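Engineer: no letters, just coordinates:
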């Protein structure tokens, strides 16, 4: 707690210097509140303050009921007492109305100080974890209820629009499923419902019968048919005996955990095959509407958010529980004209979930976060509904040519949505009619504030902030925390927050000390060494004896992989499934695999760039 308060003091003082004000009284108030309310004041209450602040920016004034619990400078309204030195440069201190020319430095300062610890990875209180599981189940019940309410006429409109927009990539996937193009499966490094890890996944021993109907085990899980006898070792699961997804919570913030549905090995394996091909088609230059959705590059959304903050013509929308609200029925309608695609989407979908406190439940949603297909399918569904909203606003059918006219004005990246302001109400109405919930606290269209894909802008100025992601390290054994703090320091540097950066540098120099000597060099952003970034070069300790290239002594991240070996047909299958032309990064990949058991840092010589 003490170290976090110290970091807050450094950052707040840096922001105060930028804005020519003082945060001494603010820091005293925060210290008093933290003493009585604990760490949650930094991680929950201050971020809630920022939401009120952003809402006031969007509405052009501070609402009478805003900033509850923080006190106001006068009884009839005005700005809150906390951070008054910043806020009086943004709002009228007496009326609470937005100034004609608010200080963008002050806007960023308020956001930086209040959001500094909003994403610190900490365990939630047990009641918050339980509430998150309750919400998961309640959301699925709402999806089921929404399915019952929606009209066949609306679903038909959805089907027609989906065929206009996604017809070409879905037909290409249809041909791939018929054997015209290869579908290459993939195992990821993460957890699975059947608890197979690393190389063990290539010896999968469970395969659902309905998955086998579309993706035969003989064709996709074995190197070739010479290994047909391995089928005798596989348990082909009937629909009633299928393993459900395992719903778990992982640390996210103190306010709420992240809820993930861990898929069975066979399911995620074939989900990856469909995902790779589908995304490649959606991003292909041959696809007319490849600008409509994004999967890898967030910059178009960010550029459009910047444009929206300047012109006021583009809105940024955010959806709540986005992936958990994509109905399986919507996906069925999306693929209604492509029978093989519909069968593949259904075959790789887990129909049940094992939820703590509830046991095994049937799912109305298509898939939760954890399925490889969630991200591309939700983008396609959201974009389709958005175009229906725009069509409704325009009063006539959207032809391909008219959809083309929306290029640069509409884009979907996950649940980050950009639409023209004139269509916001109709788009929101259409999203809600399909059961989706617009997060009004993170959606902006009336003022000059916009946010999308991790970047925030006000009137063309970048007011994005740097966030501390982990608690601060105490010693050199806190490897993950050190890596996070080095990253935080370098983000402070690149954002111009150099006074706070210098204090973090001092802390890192003290921690990264071995045998009385600090090892915290200046390195380039591409260097493997944990060090400080600088625009003026890097540190060199000596030259490489063979290559005559510079070397520097510093700490480098070292990981220890699980010792999970594989051989026989499983090893051959792993090699055959290798994507790309580069060899495996680890020459011992058949002996060890999976996510690291241990993350450590070791002192050694390495390149400074």
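Structural biologist: Sure thing, it's come through. All values reported here derive from a predicted model rather than from experimental measurement. Residues are numbered from 1 along each chain as shown.

Engineer: how much space between the closest residue to residue 17 other than its chain neighbours and residue 493?
Structural biologist: With CB to CB, 6 or more residues apart in numbering as the criterion, residue 17 has its nearest non-adjacent residue at 6.4 Å, and that residue is residue 499. All C-beta spots, glycine's among them, are computed from the backbone N, C-alpha and C. Distance of residue 499 to residue 493, given as CB to CB, to the nearest Å: 11 Å.

Engineer: most distant residue from the middle of the chain?
Structural biologist: For the chain, the residue at maximal distance from the C-alpha centroid (CA atoms, centre = their mean) is residue 545, at 43.3 Å.

Engineer: name the element that residue belongs to?
Structural biologist: For residue 545, there is no enclosing helix or strand under DSSP states H and E.

Engineer: try residue 8
Structural biologist: Short version, using DSSP H and E: residue 8 is in helix 2-19.

Engineer: helix or strand with the lowest mean pLDDT in this structure?
Structural biologist: Least confident helix or strand of the chain, by mean pLDDT, DSSP states H and E, is strand 72-74 with a mean of 64.

Engineer: and the contacts of stretch 220-232?
Structural biologist: Residues outside stretch 220-232 that contact it (CB atoms under 8 Å, 6 or more residues apart in numbering) are 183, 185, 204, 207, 217-218, 234, 266, 269-270, 273, 569, 572-573, 576.

Engineer: which helix runs longest in the protein?
Structural biologist: The residue-count maximum for a helix in the chain (DSSP state H) belongs to helix 152-177.

Engineer: how far off centre is that helix?
Structural biologist: Centre-to-centre, helix 152-177 and its host chain are 27 Å apart (CA atoms, centre = their mean, to the nearest Å).

Engineer: and that helix, what does it pack onto?
Structural biologist: With contacts defined as 3 or more CB pairs under 8 Å, 6 or more residues apart in numbering; DSSP states H and E, helix 152-177 has these neighbours: helix 265-282, helix 328-334, helix 339-347, helix 374-394, helix 400-404.

Engineer: now the first one: average pLDDT?
Structural biologist: Translated: helix 265-282. Averaged over helix 265-282, pLDDT sits at 97.

Engineer: which helices and strands sit right next to the following helix or strand past it?
Structural biologist: Downstream of helix 265-282, the next assigned helix or strand under DSSP H and E is helix 299-311. Applying 3+ CB pairs under 8 Å, 6+ apart, we find helix 299-311 packed against strand 314-320, strand 411-413, strand 416-420, strand 449-452, strand 455-458.

Engineer: partners of the third one in the sheet?
Structural biologist: Here strand 416-420 has these sheet partners by DSSP bridges: strand 314-320 (antiparallel), strand 411-413 (antiparallel).

Engineer: pick the most deeply packed of those strands.
Structural biologist: When those are scored by mean count of other CB atoms under 10 Å, the highest mean neighbour count falls to strand 411-413 (a mean of 24).

Engineer: residues contacting that strand, please?
Structural biologist: 291-295, 298, 300-301, 304, 379, 382-383, 386, 417-418, 452-453.

Engineer: can we see that at 6 Å?
Structural biologist: By CB atoms under 6 Å, 6 or more residues apart in numbering, the residues outside strand 411-413 that reach it are 293, 294, 298, 300, 301, 379, 382, 383, 418, 453.

Engineer: which ones are touching the fifth one?
Structural biologist: The contact partners of residue 301, by CB under 6 Å, 6+ apart, come to 411, 413, 416, 452, 453.

Engineer: which residue ranges of the stretch 501-609 of the chain form strands?
Structural biologist: With strands called from DSSP state E, counting those that start in this stretch, the stretch 501-609 of the chain shows them at 513-514, 517-518, 542-543, 550-562, 593-606.

Engineer: does anything pack onto the fourth one? Which helices or strands?
Structural biologist: Helices and strands in packing contact with strand 550-562 are listed as strand 593-606; criterion 3 or more CB pairs under 6 Å, 6 or more residues apart in numbering; DSSP states H and E.

Engineer: please identify the buried residues of the strand it packs on?
Structural biologist: Buried residues in strand 593-606, defined by neighbour count with 16 or more other CB atoms under 10 Å: 593, 594, 601, 603, 606.

Engineer: quick revisit: now the helices and strands packed on helix 152-177 in CSV, with distance to residue 127?
Structural biologist: Listed next are these as CSV, based on distance: least, CB to CB, whole Å:
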stretch, distance to residue 127
helix 265-282, 31
helix 328-334, 31
helix 339-347, 37
helix 374-394, 27
helix 400-404, 47
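
Engineer: mind putting those in CSV, mean neighbour count and distance to residue 91 included?
Structural biologist: Below are these laid out as CSV (neighbours: other CB atoms under 10 Å; distance: least, CB to CB, whole Å):
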stretch, mean neighbour count, distance to residue 91
helix 265-282, 23, 43
helix 328-334, 22, 42
helix 339-347, 19, 50
helix 374-394, 22, 33
helix 400-404, 13, 41
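
Engineer: right, and the ones you listed - which one's nearest residue 170?
Structural biologist: Across the helices and strands packed on helix 152-177, residue 170 has its closest neighbour in helix 339-347 (5.4 Å, CB to CB).

Engineer: list the contacts of that closest one.
Structural biologist: 170, 173, 174, 177, 210, 211, 214, 274, 331, 335.

Engineer: return the member of these nearest to residue 59.
Structural biologist: Comparing those against residue 59 with CB to CB picks out residue 331 as the nearest, at 36.6 Å.

Engineer: contacting residues for that closest one?
Structural biologist: By CB under 6 Å, 6+ apart, the residues touching residue 331 are 345, 366.

Engineer: how about low-confidence regions in the stretch 151-300 of the chain?
Structural biologist: In the predicted model, the stretch 151-300 of the chain carries no residue with pLDDT under 70.

Engineer: partners of the nearest residue to residue 304 once chain neighbours are set aside in the sheet?
Structural biologist: Counting by CB to CB, 6+ apart, residue 304 lies nearest to residue 418, which is 4.6 Å off, once chain neighbours are set aside. Bridge pairing for residue 418 (DSSP bridges) gives the partners residue 316, residue 411.

Engineer: who are the contact partners of residue 418?
Structural biologist: If you count contacts by CB under 6 Å, 6+ apart, residue 418 has them with 304, 314, 411.

Engineer: and which of those residues is nearest residue 78?
Structural biologist: Using CB to CB, residue 314 is the member of the contacts of residue 418 that lies nearest residue 78, at 31.5 Å.

Engineer: for the closest one, which non-adjacent residue is spatially closest?
Structural biologist: Counting by CB to CB, 6+ apart, the residue nearest residue 314 is residue 308, at 3.3 Å.

Engineer: one step back: can you give me the buried ones in the helix holding residue 8?
Structural biologist: Neighbour-count burial for helix 2-19, counted by 16+ other CB under 10 Å, picks out 4, 7-19.
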